[in-house]
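Trainee: Curious how this folds, go ahead:
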Amino acid sequence: MNHWLVKSEPFKYSWEKFKKDGRTFWDGVRNFQARNNLRDMKEGDLVMFYHSNEGKEVVGIAKVVKESYQDPTTDDKNWLVVDLAPEETLKRPVTLEEIKADERLKDIGLVKQGRLSVMSLKAEEFDRILELANN
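Mentor: Next up is the predicted model:
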């Protein structure tokens with residue numbers, strides 16, 4: 001199993017709205033590296049949900065429930081989506097500030113490639129963020 005992080009601005013699509021919907025396709029990705037990450041996601045992979053711009057915090061965990069397919073919001077064959085379903089809300093959101101301050105997370109994509117909207121996480125990075133959420 002692989003681990004990922006996706007970003008969404010809460011005013012556009014919040015964790016609460018995602019939980020209410022119960023499932024969504026992750027669309028609107030228009031960056032090739034982020035698209036390649038969507039393409040590499042496999043059913044069952046775990047995905048951290050990050051509120052960007054407002055809040056700047058990891059708030060929940062989702063699961064990939066359908067692997068990549070053509071983005072239905074565009075005719076351009078370059079763009080893909082995956083289907084995600086919410087798994088759990090973190091006990092406590094983990095802020096970008098906390099992540100940046102944690103020595104074990106110094107190389108995380110969220111810090112190194114801050115503008116990338118879909119990124120992979122190492123298992124130990126995923127686990128460390130969960131640890132922080134549970135403290």
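
Trainee: Check which helices and strands the worst-scoring helix or strand of the chain on mean pLDDT is in contact with.
Mentor: In the chain, the helix or strand scored least confidently by mean pLDDT, DSSP states H and E is helix 109-112, which has a mean of 92. Under the contact criterion of 3 or more CB pairs under 8 Å, 6 or more residues apart in numbering; DSSP states H and E, the helices and strands touching helix 109-112 comprise helix 96-101, strand 118-121. For every residue, glycine as well, the C-beta is placed using N, CA and C.

Trainee: again, only using 10 Å
Mentor: Helix 109-112 makes packing contacts with strand 3-8, helix 96-101, strand 118-121, helix 123-134 when contacts are defined by 3 or more CB pairs under 10 Å, 6 or more residues apart in numbering; DSSP states H and E.

Trainee: Show me the shaky parts of the protein.
Mentor: Per-residue confidence for the chain (pLDDT under 70) gives no ranges below the cut-off.

Trainee: Run a quick check on residue 35 versus residue 71, I expect a contact.
Mentor: Yes: using CB atoms under 10 Å, residue 35 is in contact with residue 71, at 8.9 Å.

Trainee: Can you check which residues contact both of those two?
Mentor: 29, 78, 79, 80, 81 (CB atoms under 10 Å, 6 or more residues apart in numbering).
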